[in-house]
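Undergrad: Okay, here's the prediction I keep looking at, along with the sequence it came from:
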Amino acid sequence: MTDLPADRRPALVDALLPGLLEPVATQRADAGRTVKTAWRLVDGALVESVLMRYPDRVTMCVSSQAGCGMGCPFCATGHGGLTRNLSTAEIVEQVLAGARALRRGQVAGGPGRVSNVVFMGMGEPLANYRAVRDALHRLVDDPPHGLGLSARAVTVSTVGLVPRILDLAAEGLPVTLAVSLHAPDDELRNTLVPINTRWPVIEVLDAASQYADRSGRRFSVEYVLIRGVNDQAWRADALADLLVGRLAHVNLIPLNPTPGSAWTASRRADQVEFVRRLAGRGVPVTVRDTRGREIDGACGQLAAAGRAPQA
Ligand code: SAH
Ligand code: SF4
């Protein structure tokens, strides 16, 4: 509205148009280098994002849905069910909010820029395919249409919706794909990741391999280590059998226990043995750091989503 004085316009916009995201709570950890924000959307739905600053990069962990309908029993988000999908704007705005805070020097370590984005907050990104696909374009397309992030620095984490993995491969966006496996055998995975009854382990891995062939980038296998549930040495061997010869990298995640659950993280010795068996077969493996351990309370997974897999 150029007929109004320029200095009056912002106030008018604020009064007439609701913000996409209203911050309702902020928690800091790691001497201010991890910042978790809970946001209220226009209709009252709540989501979270986390900014994690490392010496060489800044990762934004974003939500793609309010809640999640996938029902994984170890996940805090899964317990509440799905509220709704986020729009493309609501997804991108989480990244922009982090970018603004960095630019203004509001994050410990001085002014900076967002370099990495991981879809490891609330929700199953491939269950909100169109909004996520459009958000990915906004993140990686060159300015002025997009933010110009490197596609390899953007990671989409999925429980394994096979048709959507193949759609994403056809999209030709070489973002990094992470599949949340958590078990090498269908019997256990059916209980940890219920959608496995629809797309079993081998179909998920074959789709991820196709994605890797198409994008030229190795995929990540996310594996939350749960004491006495999926951390046995024989399961490490079975996982290695599945992954040898694939363009894949294993990210082991110590379980971040959710309130009221009997499950807990693996013993140190079991974790070490799990790593040793995978590495011994030549499968690249890392144990994810758990940024913001002390602020994981509300979500149970955002803090554990931590570090993006390294390119
Ligand atoms: N829905 C997608 C992305 C969001 S979850 C997915 O499941 O992949 C991001 C990652 O956090 C997934 O690998 C998920 O398994 C993991 N996660 C969920 N709950 C967790 C918990 N309590 N402790 C550690 N990791 C958890
Ligand atoms: Fe949803 Fe991922 Fe949580 Fe499973 S682990 S309930 S897919 S957010």
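TA: Done, it's in. Numbering: from 1, shown residues only. Ligands and ions are numbered 1, 2, ... in the order given.

Undergrad: quick one: the residue lying farthest from the centre of the chain from ligand 2, how far?
TA: Going by C-alpha atoms, centre = their mean, the residue of the chain most distant from its centre is Asp3, 44.1 Å out. According to C-beta to the nearest ligand atom, to the nearest Å, Asp3 and ligand 2 sit 47 Å apart. Where you see a C-beta, it was placed from the backbone N, CA and C, and this is true even at glycine.

Undergrad: Likewise for Thr77?
TA: Distance, Thr77 to ligand 2, by C-beta to the nearest ligand atom: 4 Å.

Undergrad: In terms of helices and strands, where is that residue?
TA: Secondary structure from DSSP states H and E places Thr77 in helix 76-79.

Undergrad: any idea which helix or strand comes after that helix?
TA: Downstream of helix 76-79, the next assigned helix or strand under DSSP H and E is strand 82-85.

Undergrad: Secondary structure element holding Ala11?
TA: Following DSSP H and E, one finds Ala11 within helix 9-16.

Undergrad: My error: substitute Pro174 in the last question.
TA: Assigned by DSSP H and E, Pro174 falls within no helix or strand.

Undergrad: Make residue 1 into 26 and carry on from there
TA: Got it, the first residue is 26 from now on, which makes the last one we talked about Pro199.

Undergrad: Go ahead and confirm it touches Arg177.
TA: Yes. Between Pro199 and Arg177 there is a contact under C-beta atoms under 8 Å: 6.5 Å.

Undergrad: Common neighbours of these two, please.
TA: Arg242 (C-beta atoms under 8 Å, 6 or more residues apart in numbering).

Undergrad: show me where this protein has strands.
TA: Secondary structure of the chain (DSSP state E): strands at 46-54, 59-66, 71-78, 83-86, 90-92, 107-110, 141-144, 179-183, 201-205, 244-250, 273-279, 310-312.

Undergrad: rewinding a little: for the residue farthest from the centre of the chain, phi and psi?
TA: Backbone torsions for Asp28, taken as degrees, to the nearest 10, come to phi -80, psi -10.

Undergrad: Return the distance of it relative to Leu41.
TA: 15 Å (C-beta to C-beta, to the nearest Å).
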